[in-house]
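Asks: Predicted model, plus sequence, below.
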Amino acid sequence: MERRKSSESLQVPNEATPAVLVEHLTKVFQPSLSRQKVPAVVDLSFRVGQGEVYGLIGPNGSGKSTTMKVILGLVQATSGRTEVFGIDSGKVGSRRDVGFLPENPYFYKHMTGRETLEFYGKLCGIHGAQLRERVPELLALVGLESAAGRPIAGYSKGMLQRIGLAQAIVHRPRLVVLDEPTAGVDPRGSRHIRDLILQMKAEGTSVILSSHLLEQVQEVCDRAGIIYKGRMVLEGRLEDLTQLQQQMEYVVEGGPPELAAEIQTLVERAGAKLVSAGHPRTTLEKLFLESTEDKEPATGGTRHD
Amino acid sequence: MKWHWRELLRGPAAVALVLLAGGLARAPFESKLLVDLRKAGFHPPLHGSSALQEVGVQGMMGALGGLRYMVSTFLTLRANFHWEFQDWDKVLEHFQLVQLLEPRNPEAWITGAWHCHSNAWAWYLHDDPKHSETTRRLLAREWVERGKVMLRQGIEWNPDDPWIYRDLANVYRERDRDLCQAAEYYRLASLTPGAPDFLHRIYGYLLAQCGEHDEDAMKVLRGIYDEGLAVLRRQRVLIWKPSLIVEMRKLEERLNVPMEQRIPERFDPEGFAIATPLLPEESLPVYERLLEKSRNSEVPDPALPGIVAQVRARIGEKSGGS
Amino acid sequence: MTETHANAGTAPAHVVPVWEVSPIRLWVLARATFVQLVRMKVFYFLLIFVALVLVVAAAGLFWLPTEHLIAIKRWSFGAMYLFTMVYSISATALLLPRDLEDRTLYTILSKPVPRIEYLIGRLCGVLLLNAVALAAMFLAMCLLVAWKMPAVEQQLVQQLLHGAAGEAVSLNEVNQAKAEAARYGLSTSLLWAVWALYLKASVVSAVTLFISTIASSSLFTIVSSAMVVFIGHFHQLILDFWKVNETGWFGGLIGRLLVIVFPNLSLFDVVDEVITGTSLSFGAGLQLTGMGLFYVALFVLVAQLVFVDKEL
Ligand SMILES: Nc1ncnc2c1ncn2[C@@H]1O[C@H](COP(=O)(O)OP(=O)(O)O)[C@@H](O)[C@H]1O
Ligand SMILES: [Mg+2]
């Protein structure tokens, strides 16, 4: 509860309507064959300002995808509400300015990459010369020009992710929702995708992305929320989140063992205490592990998709 | 617990409601459409011999949907296969299935029955190696009866088809030598909608030949004769029907028709009052004379030159061909 | 609890007014579906069709000459029926679950595409496929019948001469024979028959679409739709059975319910009679069309009722 208050006090830089507004969102699934209810998201609130890149972070099964689906109107909220640019997610109009890249996207495998983009472009109301111009532009942007004429059936995971990204932004939406955009993509590929996100950000597009790989979020996000078992456990600007700690971390490469001993003595001389020494970790990952382990032992969150 | 009315309009309850309402709403239109279609000859109500049979046939049709004709053609092929091996029981069995599948197809009844009253009959009578002469005669008769039963069932399903009646009549004529029955079935055949004229004529001949209904036969044949005259007057077409004249002369003898009421011996072209059917060779001089007369009269008949030309052409064809 | 009902007032999520349905997007979806099905090589069936009908046309299996024409038409229509039923059910049954499984549904519905548009677009794709296939088969059949027609006419006249037992035959009778042949030839009623078949297939597609919105697997959808098709041909039987036998109020109720809820598909079976020369009036054809459209609309509506609330 306190966390959320702090998030409310963190004012979005843009005073206009937020790109995404999530208020007290709860989603309880009731699988048809069992009586047992699955609370996927519990009383979740956050907002994403226009032009902001927001990261949703949490282990598998913590409710990231569900939250995104509610925002996009693919799943209905059990209670609470979500808005996109001030329009209720239930309304078709709320999707006019949104692009979505689902988790592990897949497309009609009989279509070529180019046809796929044309198909989604037409669904967004782009036709004729405008479409003929936009599609090669997108293919160049995601680096799939050479594969554009091949059927999707032969695409690799990374290519699918990139064509997915391209279809998400085919109509130049003001908000892009990316569910695990770099999951299962090799480092070069994810580098590329991250660059694309940064480019969108530079163009003023709002982005929500989810991930369980934290370094990427850290690199591109303005703000992030850590959710665990459907609840927001920590939220804030990335600087703020990382500044919570008074600790500092030095990453040293190629130092001899004597150097470690010397540092140790230097630290002690300054009246400080060496908390840990070892191989480096992302600060955010550390943060994440702490904040989730503090609450509950991570048992329910092990879900593989 | 406030219950919003919109909740009614969603979920399984809504689906059930809409389906029921839709079903009830369409019911009157559907029955009206069904009545209209029935009037036009579609979805004919079944009139099989028992309710159970109807259910069976309908069930079969429903189950096979639009494919039953494919199945039945396949069964026909199988039946032909058994026919080659003179396995008459199997042939019968297959055709009974075909008839169950498409009772409204006259072909199924006619062909099935033909196997019984002609093929099986002839085989038992002449080719059956196993049985004695007497047994063979009995068996042959039995197969003729089977064929008749089949044709009668076929008529029950297809009362408007002339050809099943015709076949049944022919069985009576050729297998039973029962010309009166044969005549009766030709009569029924001639009454079906769209039946060709010759069915009525053959009915008349058979009635004349069977010997028990001479007066009726005379009426029928006289009708045909008069109609022929009418056609001759109207359309100037001579129809060569030697059997009609032969049968009528025989009847006139038997019934002692007074001379002046009998059909004339010769054709009199002048008055068109009397006619004997003629061959083209015979009719040509008649028409030529008429044409000449017409040319000399005040009102020439415009049709005659054409008729003469046609008759000439026909004669020319014949002599050219031979 | 109050929270649960907080959004009940704003409930018509995804429900769009009719005027918001975009014909262009419908066309995009329908075309994509059509292309998808075509690339699944469904049209190879047409080659089998042509081979089959040619064999029937060439075979001399029939005693009555008109029967030859009837056979060509029956086999053609049988093949058309097979094609449309199999593809209406299996294609429609595959579409939705596959989109769900591949998550293509997410990308489509996260565009400004109302769910009803997705449903109708998919359905239209299947209907388009049926239309193209039926048109092709129908055309092939017509060509074949037209090609066989002169021979059949001649045979009929010969049969007439034969039947007249050696007597001359009047022109009138020859014309009768030709009219008889024409009755079994091509007619506008054949168009109605193929249209009725198309309507029936469309109804089956719509029913399958509806079932696929509630089903969890394609197999279930296919089996249930086949059941609906089966029962849809039994309306008269159900009614008769219920009249003939004393099934009691319970049996009567079940029978009545079945007849009300399941579409009466045998209504569209005008093919058999049309083939053997009965003609369908314009009015009856229009009524059939109305009935078919009504069924399609009804099942699209219930499909939408289920689909609009579906958790994806
Ligand atoms: N359609 C569904 N039916 C039932 N439970 C679901 C459904 N979708 C997700 N869940 C459950 O909701 C929880 C959150 O899932 P999800 O949002 O996919 O997590 P994440 O994307 O963070 O990995 C999980 O426990 C998952 O099993
Ligand atoms: Mg997920």
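Replies: Thanks, I have it. Numbers count the residues shown, from 1 in each chain, chains lettered A, B, ... in the order given. Ligands and ions are numbered 1, 2, ... in the order given.
Asks: From here on, just use CA atoms for contacts and neighbour counts.
Replies: OK.
Asks: quick one: the helices in chain A?
Replies: Taking DSSP state H to define them, one finds helices in chain A at A:2-9, A:64-71, A:113-123, A:128-141, A:157-168, A:187-202, A:214-220, A:238-243, A:257-269, A:283-295.
Asks: Surely A:Pro31 touches A:Pro39?
Replies: No: here A:Pro31 lies out of contact with A:Pro39, judged by CA atoms under 8 Å, at a distance of 11.1 Å.
Asks: The helices of chain A: which one's closest to C:Val132?
Replies: Closest of these to C:Val132 is helix A:113-123, at 21.9 Å (criterion: CA to CA).
Asks: A:Gly254: neighbouring residues, count only.
Replies: Taking other CA atoms under 10 Å in any protein chain shown as the criterion, the count of residues near A:Gly254 is 6.
Asks: coming back round to it: tell me which of A:Pro31 and A:Pro39 has more neighbours.
Replies: For A:Pro31 and A:Pro39, the more surrounded residue by other CA under 10 Å is A:Pro39, and the numbers stand at 16 against 11.
Asks: Enumerate the residues of the stretch 51-200 of chain A near chain C.
Replies: A:72-76, A:78-80, A:90-96, A:98-102, A:105-108, A:110-111, A:119-120, A:122-125, A:168 (CA under 8 Å from any CA of the partner chain).
Asks: low pLDDT regions in the stretch 51-200 of chain C?
Replies: Where the stretch 51-200 of chain C drops to pLDDT under 70, the residues are C:57, C:59-65, C:160-173.
Asks: show me where it has strands.
Replies: Assigned by DSSP state E, counting those that start in this stretch, the strands in the stretch 51-200 of chain C number zero.
Asks: Of all the helices and strands in the chain, which has the lowest average confidence?
Replies: This is for chain A. Of all the helices and strands that make up chain A, the one with the lowest confidence by mean pLDDT, DSSP states H and E is helix A:2-9; it has a mean of 38.
Asks: looking at chain B here, not the other one
Replies: Least confident helix or strand of chain B, by mean pLDDT, DSSP H and E, is helix B:51-64 with a mean of 60.
Asks: for the residue in the stretch 151-300 of chain C positioned nearest to ligand 1, helix, strand, or coil?
Replies: When scored by CA to the nearest ligand atom, the stretch 151-300 of chain C has C:Ser216 as its residue closest to ligand 1, at 12.0 Å. Secondary structure state of C:Ser216, per DSSP: H, G, I helix; E, B strand; the rest coil, is coil.
Asks: for the closest residue to it other than its chain neighbours, what are its contacts?
Replies: The shortest distance from C:Ser216 to any residue that is not its chain neighbour, by CA to CA, 6 or more residues apart in numbering or on different chains, is 7.6 Å, and that residue is C:Pro97. Residues counted as contacts of C:Pro97 (CA atoms under 8 Å, 6 or more residues apart in numbering or on different chains) are C:Ser212, C:Ser216, C:Ser217, C:Ser218.
Asks: Just give me the closest of these to B:Ala79.
Replies: The closest of those to B:Ala79 turns out to be C:Ser218 (CA to CA; 39.7 Å).
Asks: Report the backbone C-alpha coordinates of stretch B:245-255 in PDB.
Replies: Once side chains and other backbone atoms are set aside, the C-alpha atoms of stretch B:245-255 remain, and they are given as PDB (Å, rounded to 0.1, in the frame of the first residue of the first chain):
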ATOM      1  CA  ILE B 245     -56.700 -49.400 -88.400                       C
ATOM      2  CA  VAL B 246     -56.100 -53.200 -88.100                       C
ATOM      3  CA  GLU B 247     -57.300 -53.300 -84.500                       C
ATOM      4  CA  MET B 248     -60.300 -51.100 -85.300                       C
ATOM      5  CA  ARG B 249     -61.300 -53.200 -88.200                       C
ATOM      6  CA  LYS B 250     -61.100 -56.400 -86.100                       C
ATOM      7  CA  LEU B 251     -63.200 -54.700 -83.400                       C
ATOM      8  CA  GLU B 252     -65.800 -53.500 -85.900                       C
ATOM      9  CA  GLU B 253     -66.200 -57.100 -87.000                       C
ATOM     10  CA  ARG B 254     -66.600 -58.400 -83.500                       C
ATOM     11  CA  LEU B 255     -68.900 -55.700 -82.400                       C
END
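Asks: Can you identify each of the helices in the stretch 51-200 of chain B by residue range?
Replies: If you assign secondary structure with DSSP state H, counting those that start in this stretch, the helices in the stretch 51-200 of chain B sit at B:51-64, B:68-84, B:88-101, B:106-114, B:121-122, B:133-157, B:162-174, B:179-191, B:197-210.
Asks: by contact count, what packs against the fifth one?
Replies: The one in question is helix B:121-122. helix B:133-157 (3 or more CA pairs under 8 Å, 6 or more residues apart in numbering or on different chains; DSSP states H and E).
Asks: tell me what the helix it packs on is packed against?
Replies: helix B:106-114, helix B:121-122, helix B:162-174.
Asks: With mean neighbour count as extra columns, can I get those in JSON lines?
Replies: Shown next, in JSON lines, are the helices and strands packed on helix B:133-157 (neighbours: other CA atoms under 10 Å in any protein chain shown):
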{"stretch": "helix B:106-114", "mean neighbour count": "24"}
{"stretch": "helix B:121-122", "mean neighbour count": "22"}
{"stretch": "helix B:162-174", "mean neighbour count": "23"}
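Asks: would you list the helices of the stretch 51-200 of chain B in a markdown table and tack on distance to ligand 1?
Replies: Listed next are these as a markdown table, based on distance: least, CA to the nearest ligand atom, whole Å:
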| stretch | distance to ligand 1 |
| --- | --- |
| helix B:51-64 | 38 |
| helix B:68-84 | 44 |
| helix B:88-101 | 49 |
| helix B:106-114 | 57 |
| helix B:121-122 | 73 |
| helix B:133-157 | 57 |
| helix B:162-174 | 65 |
| helix B:179-191 | 70 |
| helix B:197-210 | 74 |
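Asks: Nearest to C:Tyr118, out of the ones you listed?
Replies: When the helices of the stretch 51-200 of chain B are ranked by proximity to C:Tyr118, the top entry is helix B:51-64, at 33.1 Å, counting by CA to CA.
Asks: what's the nearest residue to the residue of the stretch 151-300 of chain A found nearest ligand 1 if we skip its chain neighbours?
Replies: Nearest residue of the stretch 151-300 of chain A to ligand 1 (CA to the nearest ligand atom) works out as A:Gly230 at 7.0 Å. Counting by CA to CA, 6+ apart, A:Val41 is the residue found nearest to A:Gly230 once chain neighbours are left out, at 3.8 Å.
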